[in-house]
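Asks: Test case, fold it:
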Amino acid sequence: MSRTIMIIGAGIGGLTTALAFASNGYDVDIVEQAPELSEVGAGLQLSPNASRILIALGLGDALRKTMIIPHEIVLASGQSLRKITHVPGGSFAEDRWGAPYGVMHRADLQSLLLNAVRAHPNCHLHLGQRAQPPRIASLHQQLNRPTPDLIVGADGVWSQTRELIDAAPPPRFASQVAWRFKVPSDMVRTILNPINVTAFMGPRTHLVAYPLDKGKTINMVAITRGTRRAENWDNREASSDRQSLLRAFAGWHADIVSILRKAPEMNCWPLYEVVDGAWHNPDRTILIGDAAHAMTPFAAQGAAMAIEDGYELAHAVSQAASGDLTSTLARFEAARRARISRTRSRGAFNQFAYHARGPIRLGRDLVLSLKPPESLAADLDWLYGYRATGL
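Replies: Numbers count the residues shown, from 1 in each chain. Model prediction:
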């Protein structure tokens, strides 16, 4: 093997994969259609299973300077604002799971990864290059680069690389719409502690809030049932369709409704998922992250799963015997599929719990309020305490 990898897509998953392969001695080409990199979306939650990998890749110091560490992950009632329960954050989370739990701008994380990729002598970034299926096989020639041993599709839910994989399913609309906006922290102090991650739960919808910009602003994401909109991540329909959001939050606490009404700018987009299907083909092409298994955000693990994928793929390939790449990819896919399935199931459970109505909601609140926070943390050990293969 010539130990050359081509990665399609320079998002969080693609850049992590590039660093992981480069750290294992591979020569890596990252191909991105955008002429410059900018991450859509305000923020993300970075759980310990993902931050552990980034620290292993040498990003620990930069990560800690950028990431905000919440004191608690709070579950609260959207109707009354009553705190129902919480999972401890801060030092408790890091001691329990061996890495920090934090929140940060997506753009900041991408910037950290991009700087590391540009500084690594084994990484070669090619911007403004469209990797459509007919061109992918010959891209290395156009870029005057060696023939890759493996092509990794890290190009998101609308992946072009997916078209090269037989039996890879197309994305399907999840019947959910996400509304994302930011507000000054002073605007929300009546409903939450701005240093925490807070999930307000309500019938058929929920609202997640967490700090950004050193706590000066609060990133808010509302998930509601909705109709299919444009298939992109920067949809501006929210400005003309805010009434549908307010209708979804009818019956919620007046302070929350007021924030939804007054928030200066919102983006909304439809949520799509990619269900079980093939991730790789015999021609040494494999999908990772949302390209392989996009999921709804109810477990807040989309970026984390892509980070895990990239790190574990690099480890698996680096340990493979010469000429054993096809079976290595099959074993990698099988192992990751089990992990993704369990994470997807956790997301489905969270959706059911967050959006519960009537007697189920009352039962949920009672059970959660009686359960010690440490017990809730233990329920997440399999997810947050996971150590990617090779760590």
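
Asks: Just give me the longest helix of the chain.
Replies: What stands out as the longest helix in the chain, according to DSSP state H, is helix 325-354.

Asks: ok, then the element right after it?
Replies: helix 358-370 (DSSP states H and E).

Asks: if we can go back for a sec, who are the neighbours of the longest helix of the chain, in terms of helices and strands?
Replies: The helices and strands touching helix 325-354, judged by 3 or more Cβ pairs under 8 Å, 6 or more residues apart in numbering; DSSP states H and E, are strand 197-202, strand 280-281, strand 285-287, helix 290-293, helix 302-319, helix 381-384. Using the backbone N, CA and C atoms, a C-beta is placed for each residue, glycine as well.

Asks: Which among these is found nearest to residue 273?
Replies: Taking Cβ to Cβ, helix 290-293 is the member of these nearest to residue 273, at 8.2 Å.

Asks: Identify the residues contacting that closest one?
Replies: Contact with helix 290-293 is made by 9, 13, 153-157, 159, 161-162, 168, 274, 276, 279, 286, 302, 305-306, 309, 337, 340, 344, as judged by Cβ atoms under 8 Å, 6 or more residues apart in numbering.

Asks: quick one: contacts for residue 160?
Replies: Neighbouring residues of residue 160 by Cβ under 8 Å, 6+ apart: 8, 131, 132, 133, 136, 153.

Asks: Just the buried ones from those residues?
Replies: 8, 131, 136, 153 (16 or more other Cβ atoms under 10 Å).

Asks: least trustworthy helix or strand in the chain by mean pLDDT?
Replies: Least confident helix or strand, the chain: helix 133-136 with a mean of 78, by mean pLDDT, DSSP states H and E.

Asks: what element comes up after that one heading to the C-terminus?
Replies: Using DSSP H and E, the helix or strand that follows helix 133-136 towards the C-terminus is helix 139-142.

Asks: Let me know the average pLDDT across that next one.
Replies: For helix 139-142, the mean pLDDT works out to 84.

Asks: Same question for that helix: list its buried residues.
Replies: Buried residues in helix 139-142, defined by neighbour count with 16+ other Cβ under 10 Å: 139, 140.

Asks: Please enumerate residues in contact with it?
Replies: 6, 29, 31, 129, 131, 135, 146, 147, 148.

Asks: Tell me how far the third one lies from residue 135.
Replies: Residue 31 sits at a distance of 10 Å from residue 135 (criterion: Cβ to Cβ, to the nearest Å).

Asks: ok, now the first one?
Replies: Distance of residue 6 to residue 135, given as Cβ to Cβ: 12 Å.

Asks: correct me, but residue 225 touches residue 204?
Replies: Yes - applying Cβ atoms under 8 Å as the test, residue 225 and residue 204 come out as touching, 5.6 Å apart.

Asks: Of these two, which one has the most company?
Replies: Neighbour count, other Cβ atoms under 10 Å: between residue 225 and residue 204, residue 204 has more, with 15 against 12.

Asks: now the longest helix of the chain against helix 358-370, angle please.
Replies: Between the axes of helix 325-354 and helix 358-370, defined by axes from the mean of the first three to the mean of the last three Cα atoms, to 10 degrees, the angle is 100 degrees.

Asks: tell me the mean pLDDT for helix 325-354?
Replies: 94.

Asks: For residue 105, which residues count as its bridge partners?
Replies: The residues listed as beta-bridge partners of residue 105 by DSSP bridges are residue 43.

Asks: Tell me, how many residues neighbour it?
Replies: Neighbours of residue 105 under the rule other Cβ under 10 Å: 19.

Asks: Mutual contacts of residue 225 and residue 204, please.
Replies: residue 248.

Asks: On the three-state scheme, residue 130 is what?
Replies: Assigned with DSSP: H, G, I helix; E, B strand; the rest coil, residue 130 falls in the coil class.

Asks: residues touching it, list them.
Replies: Residue 130 sits next to residue 33 when contact means Cβ under 8 Å, 6+ apart.

Asks: pLDDT score for it?
Replies: On the pLDDT scale, residue 130 is placed at 82.

Asks: Report the two of the contacts of residue 160 separated the most.
Replies: Checking these with Cβ to Cβ, the most distant pair is 132 and 153, at 12.1 Å.

Asks: Can you give me the distance of residue 342 to residue 307?
Replies: Noted for residue 342: a distance of 17 Å to residue 307, by Cβ to Cβ.

Asks: who's more crowded, these two?
Replies: Just comparing residue 342 and residue 307: by other Cβ under 10 Å the higher neighbour count belongs to residue 307, 31 against 14.

Asks: quick one: pLDDT of the more buried one?
Replies: 98.

Asks: That one and residue 52 touch, don't they?
Replies: No - using Cβ under 8 Å as the test, residue 307 is too far from residue 52 to be in contact (9.4 Å).

Asks: what about the helices in the stretch 51-200 of the chain?
Replies: Secondary structure of the stretch 51-200 of the chain (DSSP state H, counting those that start in this stretch): helices at 60-66, 90-97, 106-119, 133-136, 139-142.

Asks: Of the ones you listed, flag the one that's most buried.
Replies: Greatest average neighbour count among the helices of the stretch 51-200 of the chain goes to helix 106-119 (a mean of 19), per mean count of other Cβ atoms under 10 Å.
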